[in-house]
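**Q** Fold the stuff below for me.
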Amino acid sequence: MYYYILFYTTVDNYVEKRVPFREEHLNLAQKAYQNGSLVMGGALDDPADSAMLIFKGDSPEVATEFAQNDPYVKNGLITEWKVRPWVVVVGNK
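**A** Have a look, this model is predicted:
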């Protein structure tokens, strides 16, 4: 099992603009969490200009597929996203 971080860069006024898509985004995230692929995720604050979601799986596709189906990405709230492998040395069970 490997870990992957999905990095999001958001549009200006992201917190306000995400409102119409937030429930759908959170439902997608909750499903990923329930199936064990999403470990945790959330927006960075002060400023709220990016977000990170940590996935675990056999390949980076687990995070890539999430981003491709995320209403925030589909509706232009994310200006850039990328997936990077994360080598966990403490806390990896």
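
**Q** mind listing what the most centrally placed residue in the chain touches?
**A** Centroid-nearest residue in the chain, with Cα atoms, centre = their mean: L53, separated by 3.7 Å. Shown in contact with L53 (Cβ atoms under 8 Å, 6 or more residues apart in numbering): I5, L6, Y8, A29, L38, M40, G41, G42, A63, F66. (Glycine included, C-beta is placed from N, CA and C.)

**Q** Ok, G57 next?
**A** So G57 contacts M1, Y2, Y4, S37, A63 (Cβ under 8 Å, 6+ apart).

**Q** on that earlier part again, can you classify the residue nearest to the centre of the chain as helix, strand or coil?
**A** strand (DSSP: H, G, I helix; E, B strand; the rest coil).

**Q** So for it, what's the pLDDT?
**A** At L53, the model reports a pLDDT of 98.

**Q** Specify the beta-bridge partners of it.
**A** Using DSSP bridges, the bridge partners assigned to L53 are L6, G41.

**Q** shaky segments in this structure?
**A** Within the chain, the segments meeting pLDDT under 70 span 93.

**Q** Strands along that one, start to end?
**A** With strands called from DSSP state E, the chain shows them at 2-10, 38-43, 50-57, 78-86.

**Q** Same list (these) but as JSON lines, adding distance to H25.
**A** Output for these, formatted as JSON lines (distance: least, Cβ to Cβ, whole Å):
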{"stretch": "strand 2-10", "distance to H25": "11"}
{"stretch": "strand 38-43", "distance to H25": "10"}
{"stretch": "strand 50-57", "distance to H25": "10"}
{"stretch": "strand 78-86", "distance to H25": "10"}
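
**Q** buried ones in the longest helix seen in the chain?
**A** If you go by DSSP state H, the chain has its longest helix at helix 22-34. Buried residues in helix 22-34, counted by 16 or more other Cβ atoms under 10 Å: H25, L28, A29, A32.
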